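1. below is the sequence, then the predicted model.
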Amino acid sequence: MGTDSDIELMIRFAKGDESAFRMLYMAYRNKIITYCYRFFYDQGVAEEISQEVFLKVYKAGSGYRPTARFSTWIFTIATHACLNELRREKYRHRVDSIDSEEGSAARDIPDRGESAHERMESRERRKRVGAALRSLPGNQRAALLLREYQGFSYKEIGEQLNMSEAAVKSLIFRGRENLKIALYSEFGEDS
């Protein structure tokens, strides 16, 4: 495993350099919040989980040993935090309205010269894709998000989810198939 600048920052933090932690926090804060938001489509939950992730990173500082890329390590922590949150009772029977606001991240998409009607359709499409993602089992959702939005390799996702590369490929395949079914039921033939 090669070294990267984030690993060097974490090692500096492990040796007591608080500024190294602040630099890591600034580099990963939005990435972790965005990942958690895509997992739950709830800004409050995403921010709460990201705080939990950085608290765990902070507490792990003195015992940190680089065994993988730093991004793999921190997203492993984020994935486990999201899966643990998903297991909590409040998500077992959660019902979302298609009309509900999905949090500030969905509203804060920059205007790309779209008309008001196009922005509204785009927001509705994001809500429905979010609902389809939330309908997936936790491990499928995590694997798809890590692969499609974060760009992790199958091997890295296997490390994060504690499964073989072949199992990850199967999980992602099943997740994509389930997502297609969910999106087809939402959008019909044109999806």
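-> Cool, got the structure.
2. hey, which helix or strand in the chain has the poorest pLDDT?
-> Each helix and strand of the chain was given a mean pLDDT (mean pLDDT, DSSP states H and E); the minimum falls on helix 104-107 at a mean of 42.
3. please work out the average pLDDT along the next helix or strand after it.
-> Sequence-wise, the next helix or strand downstream of helix 104-107 (DSSP states H and E) is helix 116-134. For helix 116-134, mean pLDDT rounds to 82.
4. now the next helix or strand after helix 116-134: mean pLDDT?
-> Sequence-wise, the next helix or strand downstream of helix 116-134 (DSSP H and E) is helix 138-144. The average pLDDT for helix 138-144 rounds to 93.
5. who are the packing partners of helix 138-144?
-> Judged by 3 or more CB pairs under 8 Å, 6 or more residues apart in numbering; DSSP states H and E, helix 138-144 is in contact with helix 70-87, helix 116-134, helix 154-161, helix 165-187. C-beta here means a position set from N, CA and C on the backbone, and glycine is covered the same way.
6. would you single out the least confident of the ones you listed?
-> Mean pLDDT per stretch puts helix 116-134 lowest among these, at a mean of 82.
7. save the helices and strands packed on helix 138-144 as CSV, and put in distance to Phe39 and mean neighbour count too.
-> Output for the helices and strands packed on helix 138-144, formatted as CSV (distance: least, CB to CB, whole Å; neighbours: other CB atoms under 10 Å):
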stretch, distance to Phe39, mean neighbour count
helix 70-87, 4, 20
helix 116-134, 8, 15
helix 154-161, 13, 20
helix 165-187, 13, 16
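8. closest to Phe54 out of these?
-> Between Phe54 and these, the tightest spacing by CB to CB is seen for helix 70-87, at 8.7 Å.
9. could you give the angle of the closest one to helix 154-161?
-> Helix 70-87 and helix 154-161 are oriented at 50 degrees to each other (axes from the mean of the first three to the mean of the last three CA atoms, to 10 degrees).
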